[in-house]
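> Structure for the following, please:
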Amino acid sequence: METNTIEMITRMVIEAIDKAGTKSSGYVVPVGVSARHIHLTQEHVEALFGPGYHLTRRKELMGGQYAANETVTIVGLKLRAIENVRILGPVRKASQVEVSATDAIKLGMKVPVRESGDISGSAPIAVVGPKGAIYLNEGCIVAKRHIHMSPKDAQMAGVHDGDIVSVKADNDRGTIFDQVKIRVDDSFTLEMHIDTDEANAALIATGDTVTILR
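Numbering: from 1, shown residues only. Next up, the predicted model:
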């Protein structure tokens with residue numbers, strides 16, 4: 001084989017190895033699997049649990065949030081219900097229910113995929129507590145997958161708040177998640193949030209890791 005041909009083949013092999021390495025390398029992020037939950041305004045807390053009622057803390061979460069001891073029942077338009085939906089505190093300016101796509105089917109509803117807080121025109125839902133019930137004309141969403149990061153993590157990963165990235169789970173399923181939004185704040189701990197449907201399909205559990213693809 002001629003020397004020029006050997007050199008050309010060698011260069012092609014090296015380039016192929018480099019490309020493969022680039023695709024598989026990246027910033028490693030732990031995963032948190034997010035089950036269905038609800039955020040409430042103080043007004044709605046009192047409507048569901050009684051006048052003057054305040055949520056009580058069960059487990060601290062990132063960014064000053066916490067899982068409350070209190071749970072509620074959510075009811076879809078066809079009167080299909082899911083019980084024991086955990087409330088996350090503190091209270092917010094607008095109430096919001098986050099479910100999985102499977103939950104939406106169980107409730108008999110069409111629920112849009114949205115970022116947390118983007119509830120305009122989202123699905124309606126009823127919420128039942130021990131002391132009363134409320135009806136939300138909008139507020140039920142399937143949460144868009146995202147990664148929480150501190151500014152330091154973002155700098156190390158080479159990303160910015162609002163960026164959209166792809167990540168890979170290197171397990172038996174070998175799943176690649178596209179359309180993952182980066183969210184950066186000083187209060188955030190590094191973690192990618194996916195819902196139970198996404199986790200089950202990709203064989204991922206809380207504490208597993210994924211890699212941001214370069």
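> hey, let's count contacts and neighbours off CA atoms from now on
Will do.
> mind showing which ranges of this protein have poor pLDDT?
The chain contains residues with pLDDT under 70 at 1-25.
> repeat that with 50
Residue ranges of the chain with pLDDT under 50: 17, 20-24.
> List the residues that contact residue 112.
By C-alpha atoms under 8 Å, 6 or more residues apart in numbering, residue 112 lies in contact with 122, 123, 140, 141, 142.
> now swap in residue 80 and tell me
Residue 80 sits next to 106, 107, 108 when contact means C-alpha under 8 Å, 6+ apart.
> Ends of stretch 100-116, what's the gap?
Separation of the first and last residues of stretch 100-116 by C-alpha to C-alpha, to the nearest Å is 13 Å.
> Oh, that last question was meant for stretch 99-112, not what I typed.
Terminal residues of stretch 99-112 are spaced 10 Å apart (C-alpha to C-alpha).
> what's the answer for stretch 117-127, then?
Using C-alpha to C-alpha, the end-to-end distance of stretch 117-127 comes to 18 Å.
> And the contacts of that stretch?
By C-alpha under 8 Å, 6+ apart, stretch 117-127 touches 72-77, 96, 109-112, 133-141.
> Filter these down to the buried ones.
Buried members of these, scored by 16 or more other C-alpha atoms under 10 Å, are 72-76, 96, 109-112, 133, 136, 138-141.
> Could you list which of the contacts of stretch 117-127 belong to strands?
By the criterion of DSSP state E, membership of those in strands covers 72-75, 96, 133-141.
> Where does residue 44 sit, in terms of helix or strand?
Using DSSP states H and E, residue 44 sits in helix 42-49.
> Same check on residue 181?
Counting by DSSP H and E, residue 181 is found in strand 176-184.
> So what are the sheet partners of that strand and their directions?
strand 146-149 (parallel), strand 164-168 (antiparallel) (DSSP bridges).
> can you put these in TSV and add distance to residue 129?
TSV is the format used below for the strands paired with strand 176-184 (distance: least, C-alpha to C-alpha, whole Å):
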stretch	distance to residue 129
strand 146-149	30
strand 164-168	37
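> Just list the residues touching residue 192, thanks.
Counted by C-alpha under 8 Å, 6+ apart, residue 192 has contacts 29, 30, 31, 32, 145, 146, 147, 148.
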